[in-house]
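Engineer: missing the sequence, but the structure's below:
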């Protein structure tokens with residue numbers, strides 16, 4: 001770890017966690033563009049992303065990010081470890097399938113509902129109550145997602161698959177990520193990084209199993225390596241570690257940056273353009289969730 005970050009961790013762990021989350025989100029934002037540039041069909045894409053991300057994440061964890069590898073590895077055999085493995089395997093698959101299916105704005109707006117699922121899971125797992133304003137924010141954000149999905153078929157240059165299915169895949173991704181981050185916050189002894197890595201590898205092996213041989217071997221190498229060895233392992237290593245040092249609400253707030261920046265990269269790189277209604281709906285979701293998180297974290301006295 002760089003000396004500056006080590007000193008920051010010792011002096012201000014909350015800020016350290018926030019910086020980790022910010023790094024993770026910024027590294028993640030070009031992921032959707034690289035998916036589009038790869039041109040891979042869904043199963044081969046899911047396969048290469050999952051296997052390479054899982055392998056590189058395990059390597060980073062083992063070499064740099066653990067002081068108790070055997071203890072963390074044993075924790076994966078618990079129900080908590082198996083649940084995180086399953087959740088991360090699911091969100092690795094559903095995000096890939098959603099992006100291939102429809103507009104990046106639709107999927108990323110649906111993924112941005114992660115704070116909603118984090119709030120629900122925190123209620124059941126951590127005993128944190130939302131109050132009527134919290135549930136109002138959740139309802140309003142879901143209305144914004146519905147607006148984006150309803151107009152998603154009018155996006156310019158996007159895949160011509162089912163917009164509704166793409167939105168559902170995005171929501172499932174949000175649920176899987178929220179569960180992973182909440183588990184990381186609740187169970188400090190759980191090996192969250194190897195669990196996420198194994199989950200990614202499982203989704204990858206499933207993708208490779210469902211792929212044709214020709215689609216597995218005929219791949220644009222630079223896009224596959226960029227996704228699997230750089231973007232995904234670095235970003236999700238940071239994002240999975242961040243809730244250990246700062247609140248999951250802060251991580252959720254920073255994840256909204258991907259909803260704003262990700263479609264911009266796709267628009268700039270391949271000309272996939274959301275409609276004005278989609279932009280308004282996505283902006284409404286971002287505004288509602290930002291106000292909700294600011295209210296609960298800074299203005300509630302908690």
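Structural biologist: Everything's here; your move. The structure displayed is predicted, hence computed values, not measured ones.
Engineer: For stretch 261-278, buried residues please.
Structural biologist: For stretch 261-278, the neighbour count (16 or more other C-beta atoms under 10 Å) marks 261, 262, 263, 265, 266, 267, 272, 273, 274, 275, 278 as buried. No exception for glycine: its C-beta is placed from N, CA and C like everyone else's.
Engineer: Then stretch 64-77?
Structural biologist: 65, 66, 72, 73, 75, 76.
Engineer: Tell me which of the residues you listed fall in helices.
Structural biologist: 72, 73, 75 (DSSP state H).
Engineer: between these, which is nearest residue 246?
Structural biologist: residue 72 (20.7 Å; C-beta to C-beta).
Engineer: need the contact list for that closest one.
Structural biologist: When contacts are counted by C-beta atoms under 8 Å, 6 or more residues apart in numbering, residue 72 touches 66, 190, 191, 193, 194.
Engineer: repeat that with 6 Å
Structural biologist: Neighbouring residues of residue 72 by C-beta atoms under 6 Å, 6 or more residues apart in numbering: 66, 191, 194.
Engineer: picking that back up, from the buried residues of stretch 261-278, pick the one nearest residue 204.
Structural biologist: Checking the buried residues of stretch 261-278 one by one against residue 204 (C-beta to C-beta), the nearest turns out to be residue 262, at 21.5 Å.
Engineer: and the closest one, which of the three is it?
Structural biologist: helix (DSSP: H, G, I helix; E, B strand; the rest coil).
Engineer: What pLDDT does the model give it?
Structural biologist: The confidence metric pLDDT takes the value 89 at residue 262.
Engineer: Now do residue 93 against residue 271, distance only.
Structural biologist: Applying C-beta to C-beta, to the nearest Å, the value for residue 93 to residue 271 is 27 Å.
Engineer: Does residue 167 touch residue 105 like I think?
Structural biologist: No: between residue 167 and residue 105 there is no contact under C-beta atoms under 6 Å: 10.5 Å.
Engineer: Who has more neighbours out of those two?
Structural biologist: residue 105 (29 against 26; other C-beta atoms under 10 Å).
Engineer: tell me the contacts of the more buried one?
Structural biologist: So residue 105 contacts 263, 274, 278, 282 (C-beta under 6 Å, 6+ apart).
Engineer: three-state assignment of it?
Structural biologist: helix.
Engineer: Rank the helices and strands of the protein by mean pLDDT and give me the bottom one.
Structural biologist: The weakest-scoring helix or strand in the chain, judged by mean pLDDT, DSSP states H and E, is helix 3-11 (a mean of 61).
Engineer: And the helix or strand encompassing residue 250, what does it pack against?
Structural biologist: Here residue 250 sits within helix 248-270, counting by DSSP states H and E. If contacts are counted by 3 or more C-beta pairs under 6 Å, 6 or more residues apart in numbering; DSSP states H and E, helix 248-270 sits against helix 13-28, helix 31-38, helix 104-111, helix 114-126, helix 163-186, helix 276-298.
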